[in-house]
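Enquirer: let's see this in three dimensions:
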Amino acid sequence: MNLGKTLFAQLMEFVPWTSFARIVAQYGGDSRVRSLGCTEQFRAMAFAQLTYRESLRDIETCLLANQTKLYGMGFRSPVKRSTLADANEGRDWRIWADLAALLIRRARKLYCNDSFSVDLDNTVYALDATTIDLCLSLFPWAPFRSTKAAVKLHTLLDLRGNIPAFIHISDGKMGDVNVLDMLPIEAGAFYVMDRGYLDFSRLFALHQAGAFFVTRAKRGMNAHRVYSMPTDRTTGIICDQRIALNGFYISQDYPEQLRRIRFKDPESGKTLVFLTNNTVLPALTIAALYKSRWQVELFFKWIKQHLRIKAFLGTSENAVKTQIWIAVCTYVLIAIVKKRLKLSHSLYEILQILSLTMFETTPINQLLPNPSTNSEPPISPIQGVLL
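Expert: Residues are numbered from 1 along each chain as shown. Next up is the predicted model:
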């Protein structure tokens, strides 16, 4: 029963605190700490994400205004902005990265049977990166251009549930394609990416690991046709070919044949050329897989609009990574709550309602009842970005 518990306290019950304590002990997060341990630090930063707090003073003032409820929310004493700032600066950001990885594993188990736009049993990942602009004078550790700093959020998104399966945070100068060297490769899975990741030696390593990739060809690619498969042009498939790369070095990077599909999108009229190492799926399915890659773009728009990862509460590398990883934890935590409580609302709707009701004591499933059949269908977490 959740009688008397604030909504914030109810949300925090979905955090695996026992496992989190082991993570904190591994990095010595609470070593020589007298106030605001890692547990309270996470609660304060998650509260900031859920209620759209913009500064440390904002967090402190909002929590002090409800001081009588702080103990029930998991705070042993009032949160001071200086103490929270020191915690964000000094505590290892890998604590929050490991907590995010733990929550991601749990969320992916909950969403593993969800369907998406392509009828396929294999796991499908979309890979992309987004840039978060920073001020060079305040964040000199994250160079991007001569007058600008930035961090990049490299994300591998599991399209069943739109849960990030892998995240790497780098400075703005890191090339997107380099993240292929860091990915945990899953045999039999599909990795869908744009042509910025077209590196044949890395793609061949992915092929040798037993995974499939779908990407776009660059103009002027040096290759020759080996043979063509019959196609029905009325479906938009112009050609379905097996090709081999020309040139001494490039043919060594990828010594086997590739599949090249030329597709004319009936909606936009654009002609796209796809490359893949999968020779079994129909050409239209390959085109549909690449189209599903857009979900990762919408994921980036969603988190930038609805989580606090554009205005930072600290300027050090550790503080920035701490805030981003806790934002990821918050996103995944809401996704877990949505699935565990079988809520039909979108993540956007859940966040909007919770942001105004954190101190209320209504049970979550009563605050967020299933909408009536006469109401409009709920907006999906991705569609909410476009409204």
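Enquirer: tell me how far R216 lies from Y125.
Expert: Per C-beta to C-beta, to the nearest Å, R216 is found 16 Å from Y125. For every residue, glycine as well, the C-beta is placed using N, CA and C.
Enquirer: looking only at neighbour counts, state which of these two leads.
Expert: More crowded of R216 and Y125, by other C-beta atoms under 10 Å: Y125, with 25 against 16.
Enquirer: quick one, what contacts the more buried one?
Expert: By C-beta atoms under 8 Å, 6 or more residues apart in numbering, the residues touching Y125 are L156, L157, D158, L159, A165, A189, F190, Y191, V192.
Enquirer: wasn't the second one part of a strand?
Expert: Yes - residue state for L157 (DSSP: H, G, I helix; E, B strand; the rest coil) corresponds to a strand.
Enquirer: ok, it - how many residues close by?
Expert: Here the count is done by other C-beta under 10 Å, and L157 has 26 residues near it.
Enquirer: show me what it bridges to in the sheet.
Expert: Beta-bridge partners of L157, counted by DSSP bridges, are A126, P164.
Enquirer: and the stretch of helix or strand L275 belongs to, what does it pack onto?
Expert: Using DSSP states H and E, L275 maps to strand 271-276. Applying 3 or more C-beta pairs under 8 Å, 6 or more residues apart in numbering; DSSP states H and E, one finds that strand 271-276 makes contact with strand 212-216, strand 258-264, helix 283-292.
Enquirer: now stretch 57-65 - C-alpha only, PDB.
Expert: Extracted C-alpha coordinates of stretch 57-65, given in PDB (Å, rounded to 0.1, in the frame of the first residue of the first chain):
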ATOM      1  CA  ARG A  57      19.200  27.100  -5.800                       C
ATOM      2  CA  ASP A  58      16.000  26.100  -7.500                       C
ATOM      3  CA  ILE A  59      16.300  22.500  -6.200                       C
ATOM      4  CA  GLU A  60      17.200  23.700  -2.700                       C
ATOM      5  CA  THR A  61      14.300  26.200  -2.500                       C
ATOM      6  CA  CYS A  62      11.700  23.800  -3.900                       C
ATOM      7  CA  LEU A  63      12.600  21.000  -1.400                       C
ATOM      8  CA  LEU A  64      12.800  23.400   1.600                       C
ATOM      9  CA  ALA A  65       9.300  24.600   0.800                       C
END
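Enquirer: pLDDT of that stretch, averaged?
Expert: For stretch 57-65, mean pLDDT rounds to 92.
Enquirer: give me whichever of the helices and strands packed on strand 271-276 is most buried.
Expert: strand 212-216 (a mean of 22; mean count of other C-beta atoms under 10 Å).
Enquirer: each with direction, which strands does it pair with?
Expert: With DSSP bridges as the test, strand 212-216 is paired with strand 190-193 (parallel), strand 271-276 (antiparallel).
Enquirer: now the ones you listed as a markdown table including mean neighbour count?
Expert: As requested, the strands paired with strand 212-216 are exported to a markdown table (neighbours: other C-beta atoms under 10 Å):
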| stretch | mean neighbour count |
| --- | --- |
| strand 190-193 | 25 |
| strand 271-276 | 19 |
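Enquirer: need the residue closest to the centroid of this protein.
Expert: Nearest to the mean C-alpha position of the chain, by C-alpha atoms, centre = their mean, lies P164 at 3.7 Å.
Enquirer: so who does that residue touch?
Expert: By C-beta under 8 Å, 6+ apart, the residues touching P164 are I104, T155, L156, L157, D158, F299, V328, Y331, V332.
Enquirer: repeat for P230
Expert: D240.
Enquirer: any idea how far it is from Q241?
Expert: 11 Å.
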